[in-house]
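J.: okay, here's the prediction I keep looking at, along with the sequence it came from:
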Amino acid sequence: MKNKKVLLIAVVMGLFAAILTFMLIRSMKSEYRSGAQMTEVLVARGNIAEGTLLKDVMVDVIKVPAAYKQPKALESMSQILNESYATAVPIMENEQIVSTKLLTPGKDTGLAIIVPENKRAISINVDSASGVAELIKPGNYVDLICTIDEQDKSVTVLQNVLVLAWKQNILGASAAKSQSVGNIADVSAPAEDILPTVTLAVSPYEAQAVALALEKGTLRLVLRGLNDHNIVGVGATTMGVFSK
């Protein structure tokens with residue numbers, strides 16, 4: 001009888017051990033499958049310096065096991081194409097691009113990171129009339145017309161000029177982005193005491209033309225349609241136009 005009890009206990013313990021082993025193996029398989037699942041992430045194609053505006057040519061899309069994906073890593077190239085991100089710290093080659101190392105342009109980053117290559121940023125004071133009723137937004141394109149009173153003449157100085165900022169509203173900065181990336185202050189509602197200015201992206205030569213126009217005449221901005229980037233041949237307009 002005693003031997004039967006010992007045998008029964010041994011059988012029960014064996015079954016219990018087998019069940020535990022089965023559950024452990026199944027759990028390990030499930031964890032392995034989960035970790036082995038591949039997911040896409042963005043990685044740096046080369047070393048990216050601090051304060052660099054990210055562009056699609058700077059990153060690659062690769063697949064890594066889900067277990068090796070960094071928290072808050074960017075997953076799609078569209079995130080680079082549709083947003084304006086700058087690096088808050090240096091990012092090494094092949095390092096995953098994570099949102100905690102990125103900033104969106106704003107007061108804390110300044111304008112330099114969004115000024116296009118070979119361009120300069122220049123600001124113009126405007127009022128409701130010259131600034132299109134203050135309805136110009138960063139990312140819009142404008143023409144610049146200069147009226148020279150002494151010559152009774154108006155001239156289109158520049159065409160198809162990118163607006164980088166309105167007051168301290170900077171291209172690429174928004175409240176929604178500042179909540180999800182970095183620690184940029186919300187610049188969507190600048191203080192009322194900030195002078196109405198429009199900041200434009202121009203070439204060095206164009207910057208000189210704008211400075212001369214500001215000195216010798218009155219500048220007025222003309223807002224373009226969203227998809228209108230045509231350059232039109234326009235001559236100067238004089239008082240003679242009113243005698244026709």
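T.: Thanks, I have it.
J.: for this structure, which segments are assigned as helices?
T.: For the chain, the helices defined by DSSP state H occupy 2-36, 78-81, 175-180, 204-216.
J.: where in the protein is pLDDT low?
T.: The model of the chain has pLDDT under 70 over residues 1-12, 14, 16, 22, 28-36, 106-109, 129-130, 133, 173-194, 243-244.
J.: please redo it, this time with the cut-off set to 80
T.: 1-36, 51, 53, 81-84, 104-113, 128-134, 149-150, 168, 171-195, 239-244 (pLDDT under 80).
J.: mind naming the longest strand for it?
T.: Criterion DSSP state E: the longest strand present in the chain is strand 153-166.
J.: tell me which other helices or strands it touches.
T.: Judged by 3 or more C-beta pairs under 8 Å, 6 or more residues apart in numbering; DSSP states H and E, strand 153-166 is in contact with strand 120-125, strand 141-148, strand 197-202, helix 204-216, strand 237-238. No exception for glycine: its C-beta is placed from N, CA and C like everyone else's.
J.: what is the orientation angle of the first one with helix 204-216?
T.: Angle between the axes of strand 120-125 and helix 204-216 is 20 degrees (criterion: axes from the mean of the first three to the mean of the last three C-alpha atoms, to 10 degrees).
J.: and for the second one?
T.: Here strand 141-148 points in a direction 40 degrees away from that of helix 204-216 (the same axes, to 10 degrees).
J.: in its sheet, what does strand 141-148 sit against?
T.: strand 153-166 (antiparallel), strand 218-223 (antiparallel) (DSSP bridges).
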